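> model this:
(one chain, ligands or ions: 1)
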Amino acid sequence: MQITEELKKVFHEQFQAKPLIVRSPGRINIIGEHTDYNEGLVLPAAIDKAAYIAASLRDDDEIHLVAMDLNEKFSINLKDLQPVGAVNWPNYLLGSAAQFLKRGTKLPGFNAVLTSTVPIGAGLSSSAAVECAMIFALNEILQTNIDKIAMVKMAQQAEHEYAGVMCGIMDQFASMMGKRDYVIKLDCRSLEYEYVPFKLDGIKVLLLNTNVNHSLASSEYNTRRKECKTAVEWVSEHVQGINSLRNVTEEMLNSYVLPKDKLIDKRSRYVVQEINRLEEGCTYLENGNLVELGKKMFATHDGLSKMYQVSCKELDWLVDKVRNNPDVIGARMMGGGFGGCTINLVKENAIDELVTTLKLDYEKEMELPLTYYVASIDNGTEIITS
Ligand code: GLA
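Numbering: from 1, shown residues only. Predicted coordinates for the structure are as follows:
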């Protein structure tokens, strides 16, 4: 495999050592958006685009990192380990290493070379892929025997502490736990999960990348989290046992949130509806009723755009353009929002023509390039060579 060979070569040039190589994928999510940090359910899957890390331990206390795609290097002594402001990419690796120290593991210095085929800023969780790859690799070379779910939580913490995004658990879970040809129905409250077959006859997952740089995304993301928390606090003043939006009903919102604040109502109502929508959508998937699943995906988009307000004009444009196209079963914006990709379930034989037409119109009207990927569902984090 070409990527592995290239990684080994760069690793050898930099460190004159033989590394362990780990692959950890990006993810898609069929339905269930912004539900993970509200203790709802999600339906993600790992894809065939991934971060690759080559790593080996050192004899000293230094961390030496290389970003192969950027041709950049970074090093730091373990005693100075903290988020670095100036450059971005090392944070995902350093944050991952820091989780081992937090567990009380004795961490020596290490070398790591990173490369990735997950497009950055496309809403495909390129950062979760890197965190999971780094944690998996360190677990292996340190022989710490940490179980996968614990590693998922460590990767999520790395994102909180070193990237400042208070993300839910979906991305890291999907990257680590993915399984070829299955989506994961994950209950983000209990972390119980189930693999649901996702082999769609003649239908493919088409990702359309707006190429909008979502710089607003992390601050708005954290704001949405706070808005949901406020709704939970207001409901819990009246109803016992409520500590997330998971068990909140629209009736509760009518009584305790809507009268107080329309915006908080709109935000939390989207989440309450989406938690139910996922359950229904998943049943449709299990019964092979893709048409109804597709309708739910469009409904999710509308909720994200109008109620949760995490879309943008480019995402809305892409979804509206395919809404009445009989070859497109379902479409919606995916991930945190404010840019990135739409996910589309499209009849395989219609993809080429659809993309050609959309590209022309999109580039003319939005003055941005439109890129696309046909994603296949792949395995989660794994060792490539040791
Ligand atoms: C980002 C976060 C996830 C999740 C999605 C929205 O990808 O990292 O935890 O909240 O947004 O569903």
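
> run through the stretch 151-300 of the chain and note the low-pLDDT ranges.
Scanning the stretch 151-300 of the chain for pLDDT under 70 picks out 215-217.

> got the residues of it near the ligand?
167-168, 170-171 (CB under 6 Å from any ligand atom). For the C-beta atoms, the positions are set from N, CA and C on the backbone; glycine is no exception.

> which helix of the chain spans the most residues?
In the chain, with assignment by DSSP state H, the single longest helix is helix 262-286.

> buried set for the helix or strand following it?
Scanning forward in sequence from helix 262-286 by DSSP states H and E, the next helix or strand is helix 290-302. For helix 290-302, the neighbour count (16 or more other CB atoms under 10 Å) marks 290, 293-301 as buried.

> can you redo those residues as CSV with distance to residue 40?
Converted to CSV, the buried residues of helix 290-302 look like this (distance: CB to CB, whole Å):
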residue, distance to residue 40
290, 22
293, 17
294, 20
295, 20
296, 14
297, 16
298, 19
299, 15
300, 12
301, 17
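
> ok, now which ones touch residue 305?
311, 315-316, 319, 333 (CB atoms under 8 Å, 6 or more residues apart in numbering).

> and residue 152, helix, strand or coil?
At residue 152 the chain is in helix, as set by DSSP: H, G, I helix; E, B strand; the rest coil.

> about what we covered before: now the longest helix of the chain, how far from the centre of its chain.
19 Å (CA atoms, centre = their mean, to the nearest Å).

> which other helices and strands does that helix contact?
Counting by 3 or more CB pairs under 8 Å, 6 or more residues apart in numbering; DSSP states H and E, the packing neighbours recorded for helix 262-286 are strand 41-42, strand 193-197, helix 217-236, helix 250-256, helix 290-302.

> got the angle between the next helix-or-strand element following the shortest one and strand 193-197?
It stands for strand 41-42. Beyond strand 41-42 in the direction of the C-terminus, DSSP H and E gives the next helix or strand as strand 44-57. Strand 44-57 runs at 120 degrees relative to strand 193-197, counting by axes from the mean of the first three to the mean of the last three CA atoms, to 10 degrees.

> strand 44-57 packs against which elements?
helix 2-15, strand 20-29, strand 110-116, helix 126-142, helix 170-177, strand 182-187, strand 371-375.

> recalculate using a threshold of 7 Å.
On a contact count with 3 or more CB pairs under 7 Å, 6 or more residues apart in numbering; DSSP states H and E, strand 44-57 meets helix 2-15, strand 20-29, strand 110-116, helix 126-142, helix 170-177, strand 182-187.

> any idea how far the fifth one is from the chain center?
With CA atoms, centre = their mean as the basis, helix 170-177 stands 7 Å off its chain's centre.

> residue 296: what's it in contact with?
Applying CB atoms under 7 Å, 6 or more residues apart in numbering to residue 296 gives the contacts 31, 277, 280-281, 284.

> tell me the phi and psi of the closest residue to the ligand within the stretch 251-386 of the chain?
Evaluated by CB to the nearest ligand atom, the stretch 251-386 of the chain has residue 336 as its residue closest to the ligand, separated by 3.5 Å. The phi/psi pair for residue 336 (degrees, to the nearest 10) reads phi -60, psi -40.
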